[in-house]
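In: just to be clear, the model below is a prediction. Sequence and coordinates:
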Amino acid sequence: MRHLVQFILAVTLCTAVTPASAQDVYERKPPYMSIFGLRGYKTIEVEPGLYTFRYGGFRNIFVVTDDGVIATDPINPTAAAVMREEIAKITNQPVKYLVYSHWHWDHVLGGQIFKDDGATFVSHEKCVDHFTFNPHADLVMPDETFSSNHEIKLGGTTLELLYFGPNHSDCNVVMRVKGSKVLFVNDLVTPYYTGFGTMPDYDPGGLRDTLAEMGKLGAERLIGGHGVPIAPASQITEQYAFLNTMLTGVKQALDARTPRSEILASIDLSAYEHLEGMEDQLPRFMERILFYHTMGW
Ligand SMILES: [Zn+2]
């Protein structure tokens with residue numbers, strides 16, 4: 001009996017990968033969780049073959065097939081090494097593809113460990129412009145690129161890469177396992193967060209259009225690049241409404257010649273007070289959208 005208990009305990013402690021439970025689907029922002037304050041790492045099986053891996057405050061997905069693994073954003077060298085170990089607990093198949101969700105360094109560094117295993121690196125072609133203009137020692141350049149929607153087929157599974165044009169950056173893709181109602185929407189929607197408004201290639205109007213298109217995909221759940229593991233697809237709608245309120249609110253304030261220091265207070269954001277970032281990100285958002293309306297960029 002003692003050995004049985006020890007065995008069960010050992011199996012429990014060694015099983016780092018857990019299937020998604022109701023607790024992993026967050027219907028609202030957890031009051032105790034700061035999106036960038038998370039520590040450690042965790043892998044969750046979202047649905048058969050689809051996993052999400054979190055390292056600190058950063059999250060990706062990987063897809064396990066009989067013929068190999070399609071991994072995404074390696075995050076950084078340390079995270080990539082942990083992710084490789086996590087994948088090895090699930091399958092003895094190697095990572096055959098590594099797909100970048102977009103070009104930002106907080107998600108795409110550290111891929112060399114998978115390159116050494118023979119993985120083919122894939123991104124939207126516009127990411128290469130940024131990687132070339134602004135190289136990083138820990139960045140593996142893509143082997144294959146694409147310019148519009150793209151598919152990766154492996155072991156009977158298809159990972160769809162959906163490109164909607166400039167938004168959070170100019171090379172973001174939404175990822176979806178064909179037939180699934182779960183989207184990986186890195187940095188296009190960070191559940192229960194305002195998002196950043198200050199990226200150099202950020203297009204606020206483009207992101208609004210993208211969110212509208214994403215809302216038509218028939219998804220039920222989404223995985224963001226930061227924060228909670230899984231959120232309802234209604235977060236797309238909320239993010240659209242928040243961004244639309246900011247875009248129209250700043251425009252109306254400018255048209256009314258509202259002093260810059262009073263623009264934020266002139267916008268009714270009471271519906272979004274629960275979002276993280278309303279204190280530190282909001283003034284930057286306002287500035288960015290102000291330039292979008294007045295400078296054309
Ligand atoms: Zn980003």
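Out: Yep, it's here.
In: where do the strands sit along the stretch 51-200 of the chain?
Out: 58-65, 68-72, 95-99, 120-124, 144-146, 150-154, 157-162, 174-177, 182-184 (DSSP state E, counting those that start in this stretch).
In: centroid residue for this structure?
Out: Asn186 (1.6 Å; Cα atoms, centre = their mean).
In: phi, psi for that residue please.
Out: phi -50, psi 120 (degrees, to the nearest 10).
In: I'd like to know how far it sits from Leu222.
Out: 10 Å (Cβ to Cβ, to the nearest Å). C-betas here are computed from N, CA, C, even on glycine.
In: also Arg208?
Out: 17 Å.
In: same deal with Asn92?
Out: 30 Å.
In: and the two? Which one has more around it.
Out: Each of Asn92 and Leu222 has its neighbours counted (other Cβ atoms under 10 Å); Leu222 has more, 24 against 6.
In: for the more buried one, give me its contacts.
Out: Val182, Leu183, Phe184, Val185, Val189, Pro191, Ile230, Ala231, Pro232, Ala233, Gln235, Ile236 (Cβ atoms under 8 Å, 6 or more residues apart in numbering).
In: you'd agree the fifth one is up against Gln235?
Out: Yes. Val189 sits in contact with Gln235 when judged by Cβ atoms under 8 Å, with a separation of 5.4 Å.
In: give me the common contacts of these two.
Out: With Cβ under 8 Å, 6+ apart as the test, Val189 and Gln235 both reach Leu222, Gly224.
In: of those two, give the one with the bigger neighbour count.
Out: Taking other Cβ under 10 Å, Val189 and Gln235 do not tie; Val189 has more neighbours (28 against 22).
In: what sits against the residue of the stretch 151-297 of the chain found nearest the ion?
Out: Residue nearest to the ion within the stretch 151-297 of the chain: Asp187 (3.7 Å; Cβ to the ion). Residues in contact with Asp187 (Cβ under 8 Å, 6+ apart) are Ser101, His102, His104, His107, His168, Ser169, Asn172, Gly195, Phe196, Gly224, Gly225, His226.
In: and the residue lying closest to the second one once chain neighbours are set aside, how far from Asp73?
Out: Taking Cβ to Cβ, 6 or more residues apart in numbering as the measure, His102 lies nearest to Asn172, with 4.2 Å between them; neighbours along the chain are not counted. In this structure, Asn172 lies at 11 Å from Asp73, with Cβ to Cβ as the measure.
In: for Asp268, same thing?
Out: Computed as Cβ to Cβ, the Asp268 to Asp73 distance reads 36 Å.
In: around the ion, which positions in the stretch 51-200 of the chain sit nearby?
Out: His104, Asp187 (Cβ under 5 Å from the ion).
In: need the helices for the stretch 51-200 of the chain, in chain order.
Out: Residue ranges of the helices in the stretch 51-200 of the chain, as given by DSSP state H, counting those that start in this stretch, are 77-90, 105-108, 112-116, 125-133.
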